[in-house]
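A.B. asks: this is the structure alone, sequence omitted:
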């Protein structure tokens with residue numbers, strides 16, 4: 001069940017609630033066991049949703065899940081957003097990395113719902129009225145105890161937007177899209193996004209692209225109140241983001257070493273095992289690593305994408321880390337369980353480099369197509385070193401594909417045992433000089449295959465060519 005909380009103290013929340021009730025048919029019941037101010041009275045049910053209204057502002061509603069008929073798998077606070085950001089649809093989790101200035105408890109974090117946030121961002125992008133931005137925020141304000149995974153779903157950022165029927169409708173539609181979490185537990189109705197993960201309270205992963213909790217979620221540290229970097233991760237990779245401690249939140253928290261508990265809680269509440277840190281915070285990173293979590297880069301997240309993480313670990317043990325220049329290929333059917341079948345071999349670097357000089361993009365595609373992973377240098381731009389292949393046949397396929405690339409620049413290319421032999425008739429500058437051709441336009445025309453006349457003598461391209469044979473060990 002997905003719980004929806006509407007607050008009578010929040011004008012935008014009431015308007016979103018009205019749009020929710022207008023969009024679908026709800027069954028109205030009356031709960032006389034609770035005061036109307038605390039979620040009793042009129043209750044609206046539309047499977048899998050249950051909507052209740054409270055008098056207090058959301059950030060003051062501790063243990064809101066207790067008001068619902070069953071413990072929700074997810075609770076959405078339909079809320080206003082206040083700020084100087086202009087029209088904005090946004091989502092965030094709640095709690096405090098330091099002192100509780102606006103609800104909740106000190107150093108306490110509510111259980112996050114990373115998959116729901118990712119799905120909401122997708123829906124916001126689809127439904128946002130003209131002129132509205134879409135965003136995510138850091139973790140801030142209460143409540144820090146909800147009773148189930150939860151998040152704020154907000155319409156902002158001032159009275160004009162709070163009263164905007166189009167903005168309220170966009171938020172309502174995004175909330176209703178969350179029904180896909182309960183319907184399948186795996187994918188959105190459009191099939192594009194996996195919205196729940198392996199240890200989710202609402203379903204099991206079934207091989208879809210986005211795992212949203214546990215092994216495919218990061219906790220964010222650093223940056224401002226709005227979190228464009230972490231939003232980029234959510235929108236552009238299969239990873240989701242749980243709690244985010246902005247710079248000001250970390251400053252309020254104080255020495256990371258003295259607040260290991262709240263840092264550990266950020267990972268527990270996000271069901272995450274990885275951290276993404278914006279900026280330079282070595283002391284924080286040291287504590288995070290000591291707690292047993294891994295600090296990774298955005299490049300690592302993009303490279304790993306939806307690959308099997310045990311396989312990724314095996315590759316990094318064998319070839320080195322992404323930070324060292326390792327990049328991943330397209331042979332994703334290989335997993336850690338197939339470790340006896342995969343092979344690591346040195347790449348034919350000279351052949352790769354020659355192919356790269358012929359067609360760099362095609363060469364990179366060839367390497368990515370046939371490998372599980374490969375080493376690079378120059379910031380990942382130049383393939384060189386060793387690579388992991390799912391089998392020996394993949395290495396042979398790589399060589400054959402590289403031969404095809406090199407063949408564009410040679411007259412003949414052949415495989416000869418453990419060698420590739422490439423030959424061509426090539427312009428020989430030394431012979432051109434011997435024929436008296438001066439540096440300049442004539443030299444260029446001759447190199448381009450055009451005969452020229454020098455001091456009354458005709459010099460043909462074949463007069464200044466030489467047979468060249470290059471041998472590449474494979």
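C.D. replies: The structure has been received and is ready for your questions. The model shown is predicted, which means the values in this text are computed figures rather than measured ones. Residues are numbered from 1 along each chain as shown.

A.B. asks: counting neighbours, which bits of stretch 33-40 end up buried?
C.D. replies: 36, 38-40 (16 or more other Cβ atoms under 10 Å). Yep, even glycine has a C-beta here, placed from its N, CA and C like the rest.

A.B. asks: next up, the contacts around the residue nearest the centre of the chain.
C.D. replies: When Cα atoms, centre = their mean is applied to the chain, the residue found nearest the centroid is residue 237 (2.4 Å). Going by Cβ atoms under 8 Å, 6 or more residues apart in numbering, residue 237 touches 301-302, 305.

A.B. asks: re the thing from before, tabulate the buried residues of stretch 33-40 (TSV), appending secondary structure and distance to residue 349.
C.D. replies: What follows is those, written out as TSV (DSSP: H, G, I helix; E, B strand; the rest coil; distance: Cβ to Cβ, whole Å):
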residue	secondary structure	distance to residue 349
36	coil	74
38	strand	70
39	coil	67
40	coil	72
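
A.B. asks: out of those, who's nearest residue 217?
C.D. replies: residue 39 (29.6 Å; Cβ to Cβ).

A.B. asks: mind checking how far the residue nearest to the closest one when sequence neighbours are not counted is from residue 148?
C.D. replies: Leaving aside its chain neighbours, residue 39 sits nearest to residue 67 (3.4 Å; criterion: Cβ to Cβ, 6 or more residues apart in numbering). According to Cβ to Cβ, to the nearest Å, residue 67 stands 11 Å off from residue 148.

A.B. asks: what's the answer for residue 31, then?
C.D. replies: Distance from residue 31 to residue 148, by Cβ to Cβ: 18 Å.

A.B. asks: and for residue 439?
C.D. replies: For residue 439 relative to residue 148 (Cβ to Cβ), the value is 79 Å.

A.B. asks: between the two, who's got more neighbours?
C.D. replies: residue 148 (21 against 10; other Cβ atoms under 10 Å).

A.B. asks: residue 453: which element?
C.D. replies: strand 452-454 (DSSP states H and E).

A.B. asks: list the helices and strands that strand packs on?
C.D. replies: helix 441-447, strand 457-459 (3 or more Cβ pairs under 8 Å, 6 or more residues apart in numbering; DSSP states H and E).

A.B. asks: need the contact list for residue 44.
C.D. replies: Counted by Cβ under 8 Å, 6+ apart, residue 44 has contacts 21, 26-28, 50-52.

A.B. asks: SS state for it?
C.D. replies: strand (DSSP: H, G, I helix; E, B strand; the rest coil).

A.B. asks: what's opposite it in the beta bridge?
C.D. replies: residue 28, residue 51 (DSSP bridges).

A.B. asks: what average pLDDT does stretch 166-180 get?
C.D. replies: Averaging pLDDT along stretch 166-180 gives 97.

A.B. asks: so what touches that stretch?
C.D. replies: Counting by Cβ under 8 Å, 6+ apart, 2, 4, 12, 15-16, 18-20, 22-24, 48-49, 74, 76, 78, 87, 89, 116, 119-120, 122-124, 127-129, 132, 153-155, 161, 187-189, 195 sit against stretch 166-180.

A.B. asks: buried among those? Need that as a selection in ChimeraX.
C.D. replies: This is the ChimeraX syntax for the buried subset of the contacts of stretch 166-180, where burial follows 16+ other Cβ under 10 Å:
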select :2,4,12,15,16,19,20,48,49,74,76,78,87,89,116,119,120,122,123,124,127,128,132,153,154,155,161,187,188,195
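
A.B. asks: which ones among the contacts of stretch 166-180 map onto helices?
C.D. replies: Among the contacts of stretch 166-180, DSSP state H puts 12, 15-16, 18-20, 22-23, 116, 119-120, 122-124, 127, 161 in helices.

A.B. asks: ok, so of those residues, who is nearest residue 454?
C.D. replies: For the ones in helices among the contacts of stretch 166-180, the nearest to residue 454 is residue 122 (68.9 Å; Cβ to Cβ).

A.B. asks: so how far is stretch 155-171 from its chain's centroid?
C.D. replies: In terms of Cα atoms, centre = their mean, to the nearest Å, the centre of stretch 155-171 is set 29 Å apart from its chain centre.

A.B. asks: quick check: end-to-end length of that stretch?
C.D. replies: 7 Å (Cα to Cα, to the nearest Å).

A.B. asks: what comes up buried for it?
C.D. replies: Under 16+ other Cβ under 10 Å, the buried positions of stretch 155-171 are 155-158, 161-162, 164, 167-171.

A.B. asks: in JSON lines: those, plus distance to residue 105.
C.D. replies: Formatted as JSON lines, the buried residues of stretch 155-171 follow (distance: Cβ to Cβ, whole Å):
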{"residue": "155", "distance to residue 105": "27"}
{"residue": "156", "distance to residue 105": "25"}
{"residue": "157", "distance to residue 105": "27"}
{"residue": "158", "distance to residue 105": "29"}
{"residue": "161", "distance to residue 105": "30"}
{"residue": "162", "distance to residue 105": "28"}
{"residue": "164", "distance to residue 105": "34"}
{"residue": "167", "distance to residue 105": "32"}
{"residue": "168", "distance to residue 105": "31"}
{"residue": "169", "distance to residue 105": "35"}
{"residue": "170", "distance to residue 105": "32"}
{"residue": "171", "distance to residue 105": "28"}
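
A.B. asks: follow-up on the earlier one: out of the buried residues of stretch 33-40, the closest to residue 181 would be?
C.D. replies: Of the buried residues of stretch 33-40, the one sitting nearest to residue 181 (Cβ to Cβ) turns out to be residue 39, at 21.8 Å.

A.B. asks: need phi/psi at the closest one.
C.D. replies: Main-chain dihedrals, residue 39, degrees, to the nearest 10: phi 100, psi 0.

A.B. asks: quick one: it from residue 3, how far?
C.D. replies: 9 Å.

A.B. asks: list the buried residues of stretch 351-361.
C.D. replies: Those would be 351-352, 354-356, for stretch 351-361 by 16+ other Cβ under 10 Å.

A.B. asks: with respect to residue 315, which of these is nearest?
C.D. replies: Nearest to residue 315 among the buried residues of stretch 351-361, with distances taken as Cβ to Cβ, is residue 352, at 19.0 Å.

A.B. asks: now do the helix or strand that residue 267 is a member of: which elements does it pack against?
C.D. replies: According to DSSP H and E, residue 267 maps onto helix 260-270. Packing partners of helix 260-270 (3+ Cβ pairs under 8 Å, 6+ apart): strand 108-109, strand 214-221, strand 240-245, strand 272-277, helix 282-290.
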